[in-house]
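Novice: Need coordinates for the below:
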Amino acid sequence: MDQNPEAFFRMDQLEKAVANHERIHFIGIGGVMMSSLALELARRGAHVTGSDRDDSPTAEMLRQHGIPVAVGHKPEYVAGAAVIVRNAAIADTSPDIVYARQTGIPIVERPDVLGHIMREYPRSIGVSGTHGKSTTSGMLTHALICMGKHPTAFLGAPLPEINGTYTLGGSEWFVAESCEYCRSFHYLYPETAVILNVEADHLDYYSGIEEIIGAFRVFASHTPENGIVVVNADNAHAMRAIAGLNRRILTFGTGGGCCAQDIRMENGCAVYTLTEASRSVKSICKCPAATIWTIRWPLLRCSAATGLHRPPLRMPSAPTPACCAGSSAWGHITAPSSSMTTRITPASFYVARQYPNDHS
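Specialist: Modelled structure (predicted):
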């Protein structure tokens, strides 16, 4: 979002600080995404320090990784830093921010750092929505790991498979939870944008639902011209956000391009027929019926299925990620043409079928 010359200068300063092993200080380092970015920059060679209002298990984890974390917002904590990275929750009136501005220390916004890293990966996926971002991005990361894709991921909740919220993978795949607060996701330019839902939230920042819808539209437009936007057709605000957008739009939901029909209950599970573009794919889908999202999640994984000319990938059985605990979001799909029953994440087909030429 912030593409002016001053912003480029700040990012250039950040890159130089990393390359020269200079000190980069994170204000609000205890946040989920901030701590992940701190670990990533430290891995790249920067001398990373941080501070936060309160001590926390996250702060202790960072200390164990060699990153000093101070408690409070004192000017002396940022003195001598080459660059500062700050969380959106840190006010301009915070003493450390005031000191940094007075002394000319460049201040980089957290999502700008995330977006800068995302641009390094050719296959990037940004998961947005008022609700469900952590669950969906976590399950998507798990699916990619099972598929041998080795993604780099920045998540909003811990995933047992990666022992936290951040993992460094290969140089191709990238998954990031994309938050709308303060328009943070406008710094991101993913190859594929997912919009789970759009509702009135963060009204301390947005004036109302119309402004929020507009913000999601901008996020979707940040995909390249040949990119993909996957959207929940059951959410009217989400559909308004992408109306008329010149991108490849794939929908999921009980009324989407990939949808559920003939929904019924059998032994505590929702059973339905999966259809794509009003055409039955002759599959019977079963999933625990805790909420409507236990149906929508399997639909999301299939929504980007257009163009695949091979059978679904076999996914190894795995425990539910911690970020999905209690959601009962794992489903089974049984294809009548074979005896195969595959236990998969909602994102597995979503990823696999989105890239028909990728046969790994």
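Novice: Do me a favour and average the pLDDT over whatever helix or strand Glu15 lives in.
Specialist: Element membership for Glu15, per DSSP states H and E: helix 5-19. Average pLDDT, helix 5-19: 83.
Novice: Now do that helix: distance to the chain's middle.
Specialist: Computed by Cα atoms, centre = their mean, to the nearest Å, the chain-centroid distance of helix 5-19 equals 24 Å.
Novice: Buried residues, that helix. List them.
Specialist: In terms of neighbour count (16 or more other Cβ atoms under 10 Å), helix 5-19 has its buried residues at Arg10, Met11, Gln13, Leu14, Ala17, Val18. Just so you know, the C-beta spots here come from the backbone N, C-alpha and C atoms, and that holds for glycine as well.
Novice: surely Glu109 meets Tyr187?
Specialist: Yes - when contacts are counted by Cβ atoms under 8 Å, Glu109 is listed as touching Tyr187 (7.2 Å).
Novice: now what about the helix holding Glu15, what contacts it?
Specialist: Residues outside helix 5-19 that contact it (Cβ atoms under 8 Å, 6 or more residues apart in numbering) are 22-24, 41, 44-46, 82-83, 85, 106-108, 112-113, 116.
Novice: could you point out which element follows that helix?
Specialist: Helix 5-19 is succeeded, C-terminally, by strand 23-27 (DSSP H and E).
Novice: so what's the backbone phi/psi at Gly227?
Specialist: Note on Gly227: backbone dihedrals following degrees, to the nearest 10 are phi -80, psi -180.
Novice: Could you do the one 3 residues further on as well?
Specialist: The phi and psi torsions at Val230 (degrees, to the nearest 10) take the values phi -100, psi 120.
Novice: mind listing what's buried in the host helix or strand of Arg217?
Specialist: Using DSSP H and E, the element containing Arg217 is helix 209-221. For helix 209-221, the neighbour count (16+ other Cβ under 10 Å) marks Ile212, Ile213, Ala215, Phe216, Arg217, Phe219, Ala220, Ser221 as buried.
Novice: Who are the packing partners of that helix?
Specialist: strand 123-128, strand 192-195, helix 236-242 (3 or more Cβ pairs under 8 Å, 6 or more residues apart in numbering; DSSP states H and E).
Novice: List the buried residues for the last one?
Specialist: Taking 16+ other Cβ under 10 Å as the neighbour-count basis, helix 236-242 is seen to contain the buried residues His237, Ala238, Met239, Arg240, Ala241, Ile242.
Novice: Make sure Tyr206 is indeed in a helix.
Specialist: No - Tyr206 is assigned coil when assessed by DSSP: H, G, I helix; E, B strand; the rest coil, not a helix.
Novice: Distance of it relative to Thr130?
Specialist: Per Cβ to Cβ, to the nearest Å, Tyr206 is found 11 Å from Thr130.
Novice: One more: Ile105?
Specialist: For Ile105, the distance to Thr130 - Cβ to Cβ - is 35 Å.
Novice: now swap in Ala59 and tell me
Specialist: Separation of Ala59 from Thr130 (Cβ to Cβ): 28 Å.
Novice: got a pLDDT number for Pro346?
Specialist: Confidence score, pLDDT, at Pro346: 33.
Novice: Also the one 10 residues further on?
Specialist: pLDDT, the model's per-residue confidence, is 42 for Pro356.
Novice: So, low pLDDT: which residues of the stretch 201-350 of the chain?
Specialist: Along the stretch 201-350 of the chain, segments meeting pLDDT under 70 span 256, 270, 277-350.
Novice: What segments of the stretch 1-150 of the chain are helices?
Specialist: Applying DSSP state H, counting those that start in this stretch to the stretch 1-150 of the chain gives helices spanning 5-19, 32-43, 57-64, 75-78, 95-103, 110-118, 133-146.
Novice: who wins for proximity to Val231 among these?
Specialist: Each of these has some distance to Val231 by Cβ to Cβ; the shortest is helix 133-146, at 12.6 Å.
Novice: Next, the angle from that closest one to helix 32-43.
Specialist: 40 degrees (axes from the mean of the first three to the mean of the last three Cα atoms, to 10 degrees).
Novice: residues making contact with the helix holding Arg217?
Specialist: Helix 209-221 is contacted from outside by 1, 126, 128, 178, 180, 183, 185-186, 188, 193, 195, 198-202, 206, 229, 231, 237-238, 240-242, 245, 247, using Cβ under 8 Å, 6+ apart.
Novice: quick revisit: same list as before, the helices and strands packed on helix 209-221 that is, but in CSV and with distance to Ala143 included.
Specialist: Conversion of the helices and strands packed on helix 209-221 to CSV gives the following (distance: least, Cβ to Cβ, whole Å):
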stretch, distance to Ala143
strand 123-128, 11
strand 192-195, 13
helix 236-242, 22
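Novice: List the contacts of the closest residue to Ser171 other than its chain neighbours.
Specialist: Counting by Cβ to Cβ, 6 or more residues apart in numbering, Ser171 lies nearest to Tyr121, which is 6.9 Å off, once chain neighbours are set aside. Tyr121 makes contacts with Thr152, Ser171, Glu172, Trp173, Phe174, as judged by Cβ under 8 Å, 6+ apart.
Novice: how about the nearest residue to the last one, chain neighbours excluded?
Specialist: It refers to Phe174. Once flanking residues are discounted, Phe174 sits nearest to Tyr121: 3.6 Å by Cβ to Cβ, 6+ apart.
Novice: The fourth one too?
Specialist: Taking Cβ to Cβ, 6+ apart, and ignoring the residues beside it in sequence, Trp173 has Pro151 as its nearest neighbour in space, at 3.8 Å.
Novice: end to end, how far does stretch 243-258 reach?
Specialist: 18 Å (Cα to Cα, to the nearest Å).
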